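Whatever this is, show me its structure:
(one chain, ligands or ions: 2)
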Amino acid sequence: MMRDTSGRTIRYLRLSVTDLCNYRCIYCMEPDGVCKKNHGEILSLEELLEIASACVALGVTKIRLTGGEPLVRRNIVWLCRELKKLPGLEELTLTTNGAYLPRFAQALKASGVDRLNISLDTLDPARYRAITRTGELKGALSGLAAAEAAGFTDTKINAVLLGGVNDGDIPALARLARDRAVSVRFIELMPMGVCRDWERERFISADAVRKALPELRYLDSDGVAERYTAPDWAGTVGLIRPVSHRFCRQCDRIRVTAEGRLKPCLHSATEIALRGLHGEALREAILRGVQAKPAHHELLETGSQSGRAMYEIGG
Ligand code: SAM
Ligand code: SF4
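Ligands and ions are numbered 1, 2, ... in the order given. Reported below is the predicted structural model:
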């Protein structure tokens, strides 16, 4: 079991498998995307598996694959299948923009992926294009349908709140949870990477969702999300407030970037290089990372100290 200096038990690894993406979301990437790293700078699938395996042996029970877009990584299904074999791993999940789910949903399900998070910031085709720069709404909706057809349940749909851009989409997005057993989660935009210096109006509190949907009733809290529902709704609406209510006290996560750097906190500059380490040396480096986990971030006080964009870390 891994315990940090604030007494938190670390059980959750978010593993970025690539920093490449088929989209260029305005709040995440530059318009011309990521300069493709040399193939050798990104961990091989075997290295990703070795790091994940060491974390699971140390007490991690949940892994989320992310990126960049995890489904652009070649042989991602092989990685999922191998991760799922790790003794002690209870849950394997993946966060995706959904565009490649029509191609991959069945294989991901068969490989043992337990649940999916699909990012969807609007249901308006023109706005979807404007936000993602290269994406098409119908691709993401086909992805959602493909996930359902493949048998995925308890899917989470994540929408980042962008003041003046998609606040008008809140009711339509939330109502996806009226007819389907999904959880639509609204996430406050965090000032980092390309949106670090955006104007204040872009950063809106998740309270906007309560105002837009007064019929929502508080249900419970699952750690990072406050959950709400309404009479006769099949699913739930979640509010995730990393900015207005920091949830660092319950944080049980560590992150590993696609280049093999362990980040104890999304917003701290501390990184521990894991690449090239094996056995006891790898174990010790992971434990060092856990010990370096700060008690809380200082997003409001000093801004994110991460020095990395979201597509490099995986969210
Ligand atoms: N490409 C995949 C996707 O979009 O789902 C996985 C990686 S993406 C970096 C993970 C999540 O981070 C997405 O839901 C995205 O909307 C969110 N995200 C990116 N930048 C963010 C920011 N500055 N604040 C809050 N969420 C952000
Ligand atoms: Fe790609 Fe996800 Fe970033 Fe959008 S949020 S550019 S889909 S990594």
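
how about the strands of the stretch 1-150 of the chain, start to end?
2-3, 9-10, 12-16, 62-66, 91-96, 115-119 (DSSP state E, counting those that start in this stretch).

Please name every helix or strand in contact with the last one.
Using 3 or more CB pairs under 8 Å, 6 or more residues apart in numbering; DSSP states H and E as the contact criterion, the elements in contact with strand 115-119 are strand 91-96, helix 101-111, helix 137-149, strand 156-161. Backbone N, C-alpha and C define where each C-beta goes, glycine included.

Could I get the phi/psi values of the nearest residue to residue 263 once chain neighbours are set aside?
With sequence-adjacent residues excluded and distances taken as CB to CB, 6 or more residues apart in numbering, residue 263 is closest to residue 255, at 4.4 Å. Main-chain torsions, residue 255, degrees, to the nearest 10: phi -130, psi 150.

related to what we said a few turns ago, with mean neighbour count as added columns, please give the helices and strands packed on strand 115-119 in JSON lines.
Formatted as JSON lines, those follow (neighbours: other CB atoms under 10 Å):
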{"stretch": "strand 91-96", "mean neighbour count": "21"}
{"stretch": "helix 101-111", "mean neighbour count": "19"}
{"stretch": "helix 137-149", "mean neighbour count": "18"}
{"stretch": "strand 156-161", "mean neighbour count": "22"}
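
any chance of these in a markdown table, plus mean pLDDT and distance to ligand 1?
Output for the helices and strands packed on strand 115-119, formatted as a markdown table (pLDDT from 0 to 100; distance: least, CB to the nearest ligand atom, whole Å):
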| stretch | mean pLDDT | distance to ligand 1 |
| --- | --- | --- |
| strand 91-96 | 98 | 4 |
| helix 101-111 | 98 | 11 |
| helix 137-149 | 97 | 10 |
| strand 156-161 | 97 | 4 |
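
right, so of these, which gets closest to residue 2?
strand 91-96 (16.8 Å; CB to CB).

ok, back up a step: what's the least confident stretch among the strands of the stretch 1-150 of the chain?
For these, mean pLDDT drops lowest on strand 2-3, to a mean of 88.

on that earlier part again, the residue nearest to residue 263 - how many residues pack around it?
Look at residue 255: counted by other CB atoms under 10 Å, it has 22 neighbours.

Would you enumerate the residues in contact with it?
Shown in contact with residue 255 (CB atoms under 8 Å, 6 or more residues apart in numbering): 13, 14, 15, 16, 262, 263, 266, 313, 314.

Give the ChimeraX command for selecting the buried subset of the residues you listed.
Buried residues among the contacts of residue 255 (16 or more other CB atoms under 10 Å), as a ChimeraX selection:
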select :13,14,15,16,262,263,266,313,314
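
Check the separation of the first and last residues in stretch 267-279.
For stretch 267-279, the first-to-last residue distance is 28 Å (CA to CA, to the nearest Å).

Heading C-terminal from the helix-or-strand element of the chain with minimal mean pLDDT, find the next helix or strand.
In the chain, no helix or strand scores lower on mean pLDDT, DSSP states H and E than helix 299-302, which sits at a mean of 68. Counting by DSSP states H and E, the element after helix 299-302 in chain order, helix or strand, is helix 310-313.

Residues touching that following helix, excluding its own?
Looking at helix 310-313 with CB under 8 Å, 6+ apart, the contacting residues turn out to be 16, 19, 21, 27-29, 34, 67-68, 190, 192-193, 255, 257-258, 263, 266, 306.

Quick one: name the residues of this structure near ligand 2.
Those residues of the chain that sit near ligand 2, judged by CB under 6 Å from any ligand atom, are 21, 23-25, 28-29, 67-69, 97, 119, 310-311.

swap the cut-off to 5 Å and go again
Applying CB under 5 Å from any ligand atom, we find that the chain lies next to ligand 2 at 21, 23, 25, 28, 29, 97, 311.

near ligand 1, from these?
28, 97.

Now residue 238. Its backbone dihedrals?
Dihedral angles for residue 238 - degrees, to the nearest 10 - are phi -110, psi 140.

List the contacts of it.
Contacts for residue 238 (CB under 8 Å, 6+ apart) come out as 156, 183, 184, 185, 186, 222, 225, 226, 227, 228.

For ChimeraX, write the selection for the buried entries among those.
The buried residues among the contacts of residue 238 can be selected in ChimeraX (16+ other CB under 10 Å) with this line:
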select :156,183,184,185,186,225,226,227,228
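
rewinding a little: just the buried residues from the residues of the chain next to ligand 2, in ChimeraX please.
The command below creates a ChimeraX selection of those among those that count as buried (16+ other CB under 10 Å):
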select :21,23,25,28,29,97,311
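
Please flag which of the residues of the chain next to ligand 2 sit within helices.
Judged by DSSP state H, helices contain the following of the residues of the chain next to ligand 2: residue 311.
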